[in-house]
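Student: dropping a prediction and its sequence here:
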Amino acid sequence: GDSVTQMEGPVTLSEEAFLTINCTYTATGYPSLFWYVQYPGEGLQLLLKATKADDKGSNKGFEATYRKETTSFHLEKGSVQVSDSAVYFCALSGQGGSEKLVFGKGTKLTVNP
Amino acid sequence: EAQVTQNPRYLITVTGKKLTVTCSQNMNHEYMSWYRQDPGLGLRQIYYSMNVEVTDKGDVPEGYKVSRKEKRNFPLILESPSPNQTSLYFCAVFGSSYGYTFGSGTRLTVV
């Protein structure tokens, strides 16, 4: 079945450092790919998404590119802030985006001032 | 504004005492689902519903029931909770315009 593998955390960075969280997937067809963020004590929020190969999703300075050849969707940010401290989940859904979400295990990011 | 409302936010209960976690949406969407979140395991789907009176098992349905008698509500029922059902639960609604919208979560502790 479909699956998502993301780098294990926790990840601790200093403010203004560069962030990469790796995510690879296994799926049939052409899934849609997502990054969700969960701030402490809150629910999940969609951070960005991409629905086809070579699409780049971006939001709040975060970016991820849908790479079908490497089945990857790595999350990057050039300069993290303390307010980016959260748990990040990579996820996929079936073609058309209407099927269930399959999540990675999550990566906890802590950014220190 | 698209909203998914879960209640309660926090619940502590004892083993075997039936409980219901409610979920309602204001978006008139057909697809609703329940997930549980556990450390090191991410989120796993418990049950989903494609429409009224249409429900199906997700990846971890054991010990749970759901019902979908009306479009806006999708309650999660634990008939006889056990400590291994201690978890953080999320209701999610899918719409073609919004994508997925999640509720704020219900943190359940079964002692």
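Tutor: Structure's in. What do you need?

Student: what about B:Lys65, how many neighbours?
Tutor: Using other C-beta atoms under 10 Å in any protein chain shown, B:Lys65 is surrounded by 14 other residues. C-betas here are computed from N, CA, C, even on glycine.

Student: which parts of chain A sit against chain B?
Tutor: A:34, A:42-46, A:49, A:89, A:93, A:97-98, A:100-101, A:103-106 (C-beta under 8 Å from any C-beta of the partner chain).

Student: show me which of these are buried.
Tutor: Buried residues within the residues of chain A next to chain B, counting neighbours by 16 or more other C-beta atoms under 10 Å in any protein chain shown: A:34, A:43-44, A:46, A:49, A:89, A:93, A:97, A:100-101, A:103-106.

Student: quick one: strands adjacent to the helix or strand encompassing A:Val37?
Tutor: Using DSSP states H and E, A:Val37 maps to strand A:32-38. Partners of strand A:32-38 in the sheet, by DSSP bridges, are strand A:44-50 (antiparallel), strand A:86-93 (antiparallel).

Student: tell me where the model's unsure across chain B.
Tutor: B:97-98 (pLDDT under 70).

Student: rerun at 50
Tutor: Nowhere does chain B drop to pLDDT under 50.

Student: where along it do the strands fall?
Tutor: B:4-7, B:10-13, B:19-25, B:31-38, B:42-51, B:54-57, B:65-66, B:76-78, B:87-95, B:99-102, B:106-110 (DSSP state E).

Student: those into JSON lines, with extra columns for distance to A:Ser3?
Tutor: Putting the strands of chain B into JSON lines (distance: least, C-beta to C-beta, whole Å) gives the following:
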{"stretch": "strand B:4-7", "distance to A:Ser3": "26"}
{"stretch": "strand B:10-13", "distance to A:Ser3": "31"}
{"stretch": "strand B:19-25", "distance to A:Ser3": "26"}
{"stretch": "strand B:31-38", "distance to A:Ser3": "16"}
{"stretch": "strand B:42-51", "distance to A:Ser3": "11"}
{"stretch": "strand B:54-57", "distance to A:Ser3": "18"}
{"stretch": "strand B:65-66", "distance to A:Ser3": "24"}
{"stretch": "strand B:76-78", "distance to A:Ser3": "24"}
{"stretch": "strand B:87-95", "distance to A:Ser3": "19"}
{"stretch": "strand B:99-102", "distance to A:Ser3": "18"}
{"stretch": "strand B:106-110", "distance to A:Ser3": "26"}
